[in-house]
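Novice: Below are the sequence and a predicted model for it; my questions follow.
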Amino acid sequence: MYMVAVQHLGEIKLPENVAGLGKLSYDPLGSRLLIIAPHPDDESLATAGLIEQARTEDREVKVVIIMSGDSGARVARRLLGKQTIGPADYRAVARARVRESVEAMSKMRLPSRDMVLLGYPDGGLNSLWDINWDYGHLHRGLNGYTRSPYSFAFQSKAPYCGAGVVSSLSGIIKQYRPTAIIYPNAEDDHHDHWAASAFVQYTLAKLGYRTNEYTYLVHRRDYPWPPDYAPSGTLDPPSDFDNVDTRWEDVLLSPGEQRLKDKVISLYKVPRLVKEPFMGSFVRRNELLATTTIRKIEHVGTYPNPGADPMPGIVDCDPIDDSIRPSPGNSGELGNVSLLVNGPTLWAGVETAGNPSDKITYWFHVRLPGGKLEERVDVEIRNGQASYAGLAINSVVPRTPPRILMLEHRVWIELPASLLQGQSMLMLSIDSCQWNRHLDRTPWRRYYI
């Protein structure tokens, strides 16, 4: 489910004369919009029309671009006209791509002070989220650096680690205090995009910051459809979301707004070297957003029946047939996700299209953004045996291995509920792998405890 309800704004009070963007059919966005994009160009592909509408209505808009565009060997070769590519070449690509985003936002009358470039490494955001979390365990980008080498970076020499991303986003949110945040959808197929979604959610949970949240897709199978320039058409949800309870909303564009978006997207010549006509396929009569809810974990007084039909404690549903790679007997295809608390036990479960297999490795990833340690728990199920993995300095590795249940079409793990002490919410994602290659993953979501 993408978004179910808009959260209350808490201490943020919207001006009484703010009635919401006229062409939007959902609740008000308020007076200060924060748009977060993974790469230079995503901000225009997904939200150029929304930015124009907000600027026309004198709303504040701040755009944050997390990465620098410094990856892609094909792009570098075509842009620079050379076959052998090194770190300096990737840095040259980054500067070219950032210039294009700056020019595009200038064309949309966005003041330079309202465009923030964080300078993190392209293609590596999932590594910062998964592995390179600590300041003592930095990621080395294709640009050759473990700290941002770019003069445009929000933080000088920003360390390439997950904790650094959270620090940057936290500082921006606390200072700007947005009344709405628009960021990548957790179901986006691109690893930089789903990681950006995870970082935003984590940061909001860490800060305890409540605001209106909206998400957008850029990379997804059969989205946009058709994958070509079709300005008379509309952006429609991907077909593999038909069985998922998703609420989508349209940002309807006027002919003038659509023409402006077309001109803005045409400024991105570097990504067009390898993504034509993909870029132009976002020029439609609308933009598509989804709204997000945070579900609450069910607390039960009796021992749950993990084999019950339907699966107890369902909190999310991964789209059907959206796996990255096929798996033997569909044992790696993931579906419904469940969370339950029963006394001293936290239950986490996932349904599989086929019966679970010892040939598949299943990962349960839990993040606990509250508290000083901001702990994480990662459980690996390999060859039918479960163990905790210490992947970062804040990893929790209890002495007793977690208990697992592998049933027909289901995998469950039991964790000590004491992990939740002092926490108000957790984040969860589940992966399936074979031969160290991902088969499927459920989206990172927050859940109230």
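Specialist: Cool, got the structure. Numbering: from 1, shown residues only.

Novice: Check whether Leu260 sits in a helix, strand or coil.
Specialist: Three-state call for Leu260 (DSSP: H, G, I helix; E, B strand; the rest coil): helix.

Novice: for it, what are its contacts?
Specialist: The contact partners of Leu260, by CB atoms under 8 Å, 6 or more residues apart in numbering, come to 48, 52, 107-108. In short, each C-beta sits where N, CA and C put it, glycine included.

Novice: now with 7 Å?
Specialist: Glu52 (CB atoms under 7 Å, 6 or more residues apart in numbering).

Novice: what's the spacing between it and Arg285?
Specialist: To Arg285, Leu260 is 13 Å away according to CB to CB, to the nearest Å.

Novice: Tyr229: neighbouring residues, count only.
Specialist: 17 (other CB atoms under 10 Å).

Novice: Make 15 the starting number, not 1.
Specialist: Renumbered: residue one is now 15, and that last one reads Tyr243.

Novice: That one should be in a strand, yeah?
Specialist: No. Counting by three-state DSSP, Tyr243 is not found in a strand; it is coil.

Novice: what about the closest residue to it other than its chain neighbours, neighbour count?
Specialist: Distances taken as CB to CB, 6 or more residues apart in numbering place Gly294 nearest to Tyr243, at 3.8 Å, with adjacent residues excluded. Neighbour count for Gly294, taken as other CB under 10 Å: 20.

Novice: quick check, Gly294 in a helix?
Specialist: Yes. Assessed by three-state DSSP, Gly294 belongs to a helix.

Novice: Can you read off the pLDDT for it?
Specialist: Note on Gly294: pLDDT of 96.

Novice: same deal with Asp454?
Specialist: Per the predicted model, pLDDT is 96 at Asp454.

Novice: Return the helix or strand where it lies as CSV; C-alpha atoms alone will do.
Specialist: Counting by DSSP states H and E, the element that carries Asp454 is strand 451-455. Provided in CSV are the C-alpha atoms of strand 451-455 (Å, rounded to 0.1, in the frame of the first residue of the first chain):
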residue,chain,number,x,y,z
ARG,A,451,22.1,-12.1,-6.3
HIS,A,452,18.8,-10.4,-5.3
LEU,A,453,15.6,-12.1,-6.4
ASP,A,454,13.0,-9.9,-4.8
ARG,A,455,12.7,-7.3,-2.0
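
Novice: What residues of it count as buried?
Specialist: Applying a neighbour-count criterion of 16 or more other CB atoms under 10 Å, one finds 452-455 buried in strand 451-455.

Novice: List the beta-bridge partners for Tyr197.
Specialist: Beta bridges link Tyr197 to Thr229, judged by DSSP bridges.

Novice: what about it, distance to Glu117?
Specialist: Taking CB to CB, one finds Tyr197 at 23 Å from Glu117.

Novice: higher neighbour count, these two?
Specialist: Of the pair Tyr197 and Glu117, Tyr197 is the one with more neighbours under other CB under 10 Å, namely 27 against 12.
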